[in-house]
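[1] Okay, sequence plus prediction incoming.
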Protein chains: 2
Amino acid sequence: MLKKERQALILQQLNIHNRVLSCELLEKFSVSEDTIRRDLQELSDEGRLIKVHGGALSKGFHFTLSSNEVYLPEEKRTIAQKAAELIKDGMLVLLSGGTTIMELVHALPSTINATFVTPSVPMALELMNNSQNEVIFIGNKLNRDAQMAVGAEVVRQLQTLHADICFMGTNAIDAVSGITESIWEIIEVKKEMRRASGKLVSLAISEKLNTVQPFQVCAPSEIDYLVTELPSGHPSLQAYKQAGIAVL
Amino acid sequence: MLKKERQALILQQLNIHNRVLSCELLEKFSVSEDTIRRDLQELSDEGRLIKVHGGALSKGFHFTLSSNEVYLPEEKRTIAQKAAELIKDGMLVLLSGGTTIMELVHALPSTINATFVTPSVPMALELMNNSQNEVIFIGNKLNRDAQMAVGAEVVRQLQTLHADICFMGTNAIDAVSGITESIWEIIEVKKEMRRASGKLVSLAISEKLNTVQPFQVCAPSEIDYLVTELPSGHPSLQAYKQAGIAVL
DNA sequence: TAAATTTATGCAGGTTTATGCGGGTTTTTT
DNA sequence: AAAAAACCCGCATAAACCTGCATAAATTTA
């Protein structure tokens, strides 16, 4: 087992369970206690998780552990401003969840007059309270991790929808594998969101570029725009342009 | 269970109920009394809560929404505590919107294990973030005034639902006209909520008693419980008892 | 290809942390 | 005032931690 491979699996576990125990991991991977500790230490230094005595917690726990702060807010704001230009009056706009999309909502010009559809609870609340636009919430069972509705009923409602554009917060994007995710329930919804929309815009901070999670949401050919905080000429975006994606 | 994880959960509990009891926590987490005490001591040293004999109190008040400016919070809390006793483990509970119902969510014992269904956005967010229970949001077009979903799709989804009990925040209640409302869109939804539930509980502060609005949600005979901040023997509740409503 | 360097891992040892328990004190309730 | 509950202090222990060093594998350099 390679080190990187092991670390990727640790992060995946963390995505699913929000916590890992050192003693579980060393058994699972059949390595020494020290190796696991060093892995967690490295990932912690990279800011990918929160190391605690006995294991590690996902960044999500950070919300309750310390004050509410968005990870890399500056970058996300840059992304939001670029993406907001794609929204025109009269559009039917589909929004996923995530802090990047939340920044997009904040960056909306107050003059815009569109209809927004979302399965994300915080997004719906924000749109309702801080804009004059019509808001439609697609609801069903709520997933606590993603703070959004999931399940068959959501998919069913999306099936009757024909949005102009869909903005999708992206956990992992790659020029070959496209947009990928780790939680099956979320995939189901995101796949249908893509199908229901004329255009798909992927919002991702650059550190999510060239990363892959277990399940595919959509192929690169299905992505219309990619928005990152980097200038569109940046070399690490080259591969995406060649895959036919418009890079903002 | 990791120490930090436990502490994060304690803070989460505090966000919901504004207080925690040591004896509840030690049972919930299956640790010794001392461990809980040390947790509370540490969190208190960090200034995250206020430690008191027997447990702890939340420090600041809540930031998620405008519950700081609740009208008559004391009365509503009294109502909430009485109403919370009607919720039992395993129930499917339907909740309307409104600040009184929000207080009910805060008054939920942390041990409760039920499924909550609601068309109210703030309610869904609160339940998701500050309880461990399953939450189902009934979504569609959102009404800005009531902060909840309205329209045919909501009614359709409610039609397939069979809840045990429905808690309804009440704007106007009268022993003859029953529960009444002024916004047509809300009536549609509330009527269907009543139909979808085995029992209906009306939560109302006493100043809403004997008031009538233009449209009827349900007749007095359809109300099972009325919960106000008044003691159940109070004379102004007499008329409701005679209408066959159980008064708490 | 062989040698040198780097990287990943494991181990020995000594230290720190988390937790529970005994026993006694303070606070609250009846 | 008695009883119950919650508190505090110190101690014991197991688990997790760290530092430094050794070794093996992988990578680079000669």
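    That came through fine. Numbering: from 1, shown residues only, chains lettered A, B, ... in the order given.

[2] so A:Ile183 makes contact with A:Gln12?
    No: look at A:Ile183 against A:Gln12 with CB atoms under 8 Å: they stay out of range, at 10.2 Å. The way it works is simple: take the backbone N, C-alpha and C, and place the C-beta from them, glycine included.

[3] of these two, who's got more company?
    A:Ile183 (19 against 14; other CB atoms under 10 Å in any protein chain shown).

[4] residue contacts, the more buried one?
    With CB atoms under 8 Å, 6 or more residues apart in numbering or on different chains as the criterion, the residues that contact A:Ile183 are A:Asn15, A:Ile16, A:Asn143, A:Asp145, A:Ala146.

[5] and with 7 Å instead?
    Shown in contact with A:Ile183 (CB atoms under 7 Å, 6 or more residues apart in numbering or on different chains): A:Ile16, A:Asp145, A:Ala146.

[6] Name the residue of chain A with the shortest distance to chain B.
    A:Gly139 (2.4 Å; CB to the nearest CB).

[7] one step back: in ChimeraX, how would I select the buried members of the contacts of A:Ile183?
    ChimeraX command restricting the contacts of A:Ile183 to the buried ones, with burial defined by 16 or more other CB atoms under 10 Å in any protein chain shown:
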select /A:145,146
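
[8] Now render the contacts of A:Ile183 as JSON lines, adding distance to A:Ile223 and secondary structure.
    Output for the contacts of A:Ile183, formatted as JSON lines (distance: CB to CB, whole Å; DSSP: H, G, I helix; E, B strand; the rest coil):
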{"residue": "A:Ile16", "distance to A:Ile223": "25", "secondary structure": "helix"}
{"residue": "A:Asp145", "distance to A:Ile223": "24", "secondary structure": "coil"}
{"residue": "A:Ala146", "distance to A:Ile223": "20", "secondary structure": "coil"}
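
[9] so which of the contacts of A:Ile183 comes closest to DNA strand C?
    For the contacts of A:Ile183, the residue nearest DNA strand C by CB to the nearest atom of the strand is A:Ile16; the value is 22.2 Å.

[10] distance of that closest one from B:Gly139?
    When distance is defined by CB to CB, to the nearest Å, A:Ile16 is 25 Å away from B:Gly139.

[11] Next: A:Lys141.
    As for A:Lys141, its distance to B:Gly139 is 11 Å (criterion: CB to CB).

[12] now swap in A:Lys241 and tell me
    According to CB to CB, A:Lys241 and B:Gly139 sit 37 Å apart.

[13] So between these two, which is more surrounded?
    A count of neighbours by other CB under 10 Å puts B:Gly139 above the other of A:Lys241 and B:Gly139, at 30 against 14.

[14] Contact distance from DNA strand D - what residues of chain A qualify?
    With CB under 7 Å from any atom of the strand as the criterion, chain A comes near DNA strand D at residues A:Leu21, A:Ser22, A:Cys23, A:Glu33, A:Asp34, A:Arg37, A:Gln41, A:Lys51, A:Val52, A:His53, A:Gly54, A:Gly55.

[15] before we move on, the earlier item: quickly list what's touching both of A:Lys141 and B:Gly139.
    Counting by CB under 7 Å, 6+ apart, the residues touching both A:Lys141 and B:Gly139 are A:Ala149.

[16] pLDDT score assigned to the closest residue to A:Pro122 other than its chain neighbours?
    Counting by CB to CB, 6 or more residues apart in numbering or on different chains, A:Gln147 is the residue found nearest to A:Pro122 once chain neighbours are left out, at 5.7 Å. At A:Gln147, the pLDDT value in this model is 87.
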